[in-house]
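Engineer: Here is my input, please return the structure:
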Amino acid sequence: MDKSAALARMAEVSTVDEVLALAEQLGLTMNYEQADYALGRINQTKNDAAELSGDTLEKVAAELFNL
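Structural biologist: Next up, the predicted model:
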């Protein structure tokens, strides 16, 4: 999966199970707690204030999914 497709998929996730499935598609091993943390970070990027502070989906993708 290329970076743009992964980012689009990240923007759509709404459950921990979806984050786990995405990580698996990207070839990453993630436990439930890590996926829960990732979902929280992804959801934070959907807030307008987060973007102003520099917390973007791309940044989260780089930190958590090595994209």
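Engineer: secondary structure element for Leu22?
Structural biologist: Here Leu22 sits within helix 16-25, counting by DSSP states H and E.
Engineer: Please read the previous query as pertaining to Ala5.
Structural biologist: Short version, using DSSP H and E: Ala5 is in helix 3-12.
Engineer: Packing partners of that helix?
Structural biologist: Using 3 or more CB pairs under 8 Å, 6 or more residues apart in numbering; DSSP states H and E, the elements in contact with helix 3-12 are helix 16-25, helix 57-65. In this view, the C-beta of every residue, glycine as well, is placed from N, C-alpha and C.
Engineer: What are the buried residues along it?
Structural biologist: For helix 3-12, the neighbour count (16 or more other CB atoms under 10 Å) marks Ala6, Leu7, Arg9, Met10 as buried.
Engineer: Report the contact partners of the third one.
Structural biologist: The reference is to Arg9. Under the criterion of CB atoms under 8 Å, 6 or more residues apart in numbering, the neighbours of Arg9 are Met1, Leu22, Gln25.
Engineer: rerun that using 7 Å as the cut-off
Structural biologist: Leu22 (CB atoms under 7 Å, 6 or more residues apart in numbering).
Engineer: Taking helix 57-65 as reference, get the angle to the longest helix along the chain.
Structural biologist: Counting by DSSP state H, the longest helix found in the chain is helix 32-44. Put simply, helix 32-44 runs at 170 degrees to helix 57-65, going by axes from the mean of the first three to the mean of the last three CA atoms, to 10 degrees.
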